[in-house]
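Participant: predicted structure and sequence below. I'll ask about it afterward.
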Amino acid sequence: MSGAAGTSGTAGSGGTAGAAVALPPPNGGLDYQLGGAYQPPAGVTIVSRDRREAIAEGLYNICYVNGFQIQPDEEDFWLTEHPDLVLRNSGGDPIIDQDWDEMMVDVSTDAKRAEVAVIVGGWIRGCAADGFDAVEIDNLDSFSRSEGLLDENDNVAAMSLFVAAGHAEGLAMAQKNSAELVSRRAEIGTDFVVAEECNRYSECDVYTAEYGDAVLVIEYRQADFDTGCTDFPDLSIVLRDLELTTPSSGSYVYDGC
């Protein structure tokens, strides 16, 4: 594992029974670098990066994995090698998340979830091999955009498989967003939270009620960031630009409480 860690947690029912994982350091300085890796600002101890990026040496590193949707540069892989795992409407066309132009992964049956878990599990093992400390699986709430083809239970069942794969590698596993699923933490087995805009949508206390201070917050608006720093001084909170650009971009924004 790569660097400083917080208190250890015990993997929940979705993971390896009794397996201890290292949680992010409480109230550690946070940076969210999904738009490209760069030297973390001074004071940062926790960094989240895409699974294809290298870790930040000496810090607590979170590996970003898009487990429920398909990024545009990975469409050929899914359509060519796993066309049956692309969620499709009655006409056979892929269901698209219009906000991010991403096709959705089909986790509607036990068999398909098992196949997807083989793929995503391979990515998770890659995160471990590359020295990451934890994994965040994005788009846990894809069921809400699936035109009724997926439901909450489908995604919870799939996520529990991903969590088990991560715990088997000694990685902490994050619940990414989806405040409506906090009550199902025991089923999923997640260890901490990565929450976008929970101050904007008044959801931070939903996460802290279950996860305590093991909640990492990303805000994209100054007012929401300021509110979070005041109302939740024990949490790791970062202000970033919406596109998560690097410092060489004119639109780059970074601040931490």
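Facilitator: Good, I have the coordinates. Every value quoted in this text rests on a predicted model; they were computed, and no experiment measured them. Numbers count the residues shown, from 1 in each chain.
Participant: assign Asp84 to helix, strand or coil.
Facilitator: helix (DSSP: H, G, I helix; E, B strand; the rest coil).
Participant: ok, it to Ile62 distance?
Facilitator: 31 Å (C-beta to C-beta, to the nearest Å). Every C-beta, even on glycine, is put in place using the N, C-alpha and C of the backbone.
Participant: tell me which of the two has more neighbours.
Facilitator: Neighbour totals were compared for Asp84 and Ile62, and Ile62 leads with 27 against 10 (other C-beta atoms under 10 Å).
Participant: for the more buried one, helix, strand, or coil?
Facilitator: Three-state secondary structure (criterion: three-state DSSP) places Ile62 in strand.
Participant: that one and Arg51 touch, don't they?
Facilitator: No: checked against C-beta atoms under 8 Å, the pair Ile62 and Arg51 is beyond contact range at 10.1 Å.
Participant: residues contacting Ile70?
Facilitator: Contact partners of Ile70, counting by C-beta atoms under 8 Å, 6 or more residues apart in numbering, are 78, 86, 102-105.
Participant: and the residues you listed, which of them are in strands?
Facilitator: Among these, the members falling in strands (DSSP state E) are 102-104.
Participant: Throw those into CSV and include neighbour count, pLDDT and distance to Gly58, thanks.
Facilitator: Shown next, in CSV, are those (neighbours: other C-beta atoms under 10 Å; pLDDT from 0 to 100; distance: C-beta to C-beta, whole Å):
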residue, neighbour count, pLDDT, distance to Gly58
Glu102, 23, 96, 33
Met103, 21, 97, 37
Met104, 24, 97, 37
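Participant: looking at these, which is nearest Tyr220?
Facilitator: For Tyr220, the nearest member of those is Glu102. The distance, counting by C-beta to C-beta, is 18.8 Å.
Participant: who's in contact with the nearest residue in space to the closest one that is not next to it in sequence?
Facilitator: Ranked by C-beta to C-beta, 6 or more residues apart in numbering and with sequence neighbours excluded, the top spatial neighbour of Glu102 is Gln69, at 4.2 Å. Counting by C-beta under 8 Å, 6+ apart, Gln69 touches 97, 100, 102-105, 138-139, 142.
Participant: excluding its backbone neighbours, what's nearest the spatially most central residue of the chain?
Facilitator: Closest to where the C-alpha atoms of the chain average out (C-alpha atoms, centre = their mean) is Glu136, at 2.6 Å. Counting by C-beta to C-beta, 6+ apart, Glu136 lies nearest to Ala174, which is 4.1 Å off, once chain neighbours are set aside.
Participant: same question, Asp110
Facilitator: When the adjacent residues along the chain are set aside, Asp110 lies closest to Ala157, with 7.6 Å between them (C-beta to C-beta, 6+ apart).
Participant: quick one: the one you found from Thr227, how far?
Facilitator: Summarising the geometry, the distance separating Ala157 from Thr227, computed by C-beta to C-beta, is 35 Å.
Participant: could you give the bridge partners of Gly29?
Facilitator: In this structure, Gly29 has beta-bridge partners Val44, where bridges are defined by DSSP bridges.
Participant: what is the burial count for it?
Facilitator: For Gly29, using other C-beta under 10 Å, the count is 19.
Participant: please apply the same query to the one 5 residues further on.
Facilitator: Per other C-beta under 10 Å, the neighbour tally for Leu34 reads 17.
Participant: isn't it right next to Asp50, touching?
Facilitator: Yes: here Leu34 reaches Asp50: they are 5.7 Å apart, a contact under C-beta under 8 Å.
Participant: mutual contacts of those two, please.
Facilitator: Contact criterion C-beta under 8 Å, 6+ apart; residues bridging Leu34 and Asp50 by contacting each: Tyr64.
Participant: contacting residues for the closest residue to Leu150 other than its chain neighbours?
Facilitator: Using C-beta to C-beta, 6+ apart and skipping residues adjacent in sequence, the residue nearest Leu150 is Phe143, 4.0 Å away. Counting by C-beta under 8 Å, 6+ apart, Phe143 makes contact with 150-152, 154-155.
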